[in-house]
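Q: What shape does this take:
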Amino acid sequence: MKIYDKGITQMYCGYWNGSPLEVGLIPTIFKVPEREVLHSHPYREYYVIIAGKGLLIINGKEVELAPNNVVMVEPYEKHEVTWVDPHEGIRWVIIKEKSDPNGKIVH
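A: Residues are numbered from 1 along each chain as shown. Predicted coordinates:
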């Protein structure tokens, strides 16, 4: 058994502490993070929406992010969060099935 505590970022576990997957609880945000860019990676990524609203573009298709839905991004699908409701914000859990420091491909 292993228990992971949240570090100085929103991430709980990943390659940096020996976990084979990455899990992060993103605090409520009210705008798209500046570091967010169109990207892909060779593993699945899941967005579990807890509260608020946003928009995710996956291979050119708009996908609404809303409470109680889970969006799975397949390996190598180009994706990017492009909008966050400025009044409600959005809060989510992100799960990546693999944790790799060099896994992100920017497009």
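Q: How about the contacts made by the nearest residue to residue 76 once chain neighbours are set aside?
A: Leaving aside its chain neighbours, residue 76 sits nearest to residue 40 (4.9 Å; criterion: Cβ to Cβ, 6 or more residues apart in numbering). (C-beta placed from N, C-alpha, C; glycine too.) Neighbouring residues of residue 40 by Cβ atoms under 8 Å, 6 or more residues apart in numbering: 75-79, 104-105, 107.
Q: And residue 38, by the same measure?
A: Residue 38 is in contact with 57, 78-80, 106-107, counting by Cβ under 8 Å, 6+ apart.
Q: Which of the contacts of residue 40 fall in strands?
A: 79, 105 (DSSP state E).
Q: for the contacts of residue 40, which one is nearest residue 2?
A: Distance to residue 2 across the contacts of residue 40 (Cβ to Cβ) is lowest for residue 104, with 24.6 Å.
Q: So for that closest one, what's the pLDDT?
A: pLDDT, residue 104: 87.
Q: what sits against it?
A: Taking Cβ under 8 Å, 6+ apart, one finds 39-41 in contact with residue 104.
Q: From residue 3, how far out is it?
A: Per Cβ to Cβ, to the nearest Å, residue 104 is found 27 Å from residue 3.
Q: Quick check: residue 101 touching residue 15?
A: Yes: using Cβ atoms under 8 Å, residue 101 is in contact with residue 15, at 5.6 Å.
Q: can you pick the most crowded of the contacts of residue 40?
A: residue 79 (23 neighbours; other Cβ atoms under 10 Å).
Q: burial of the residue lying closest to that residue once chain neighbours are set aside, as a residue count?
A: Spatial nearest neighbour of residue 79, chain neighbours left out: residue 58 (4.6 Å); criterion: Cβ to Cβ, 6+ apart. Residues contacting residue 58 under the criterion other Cβ under 10 Å number 16.
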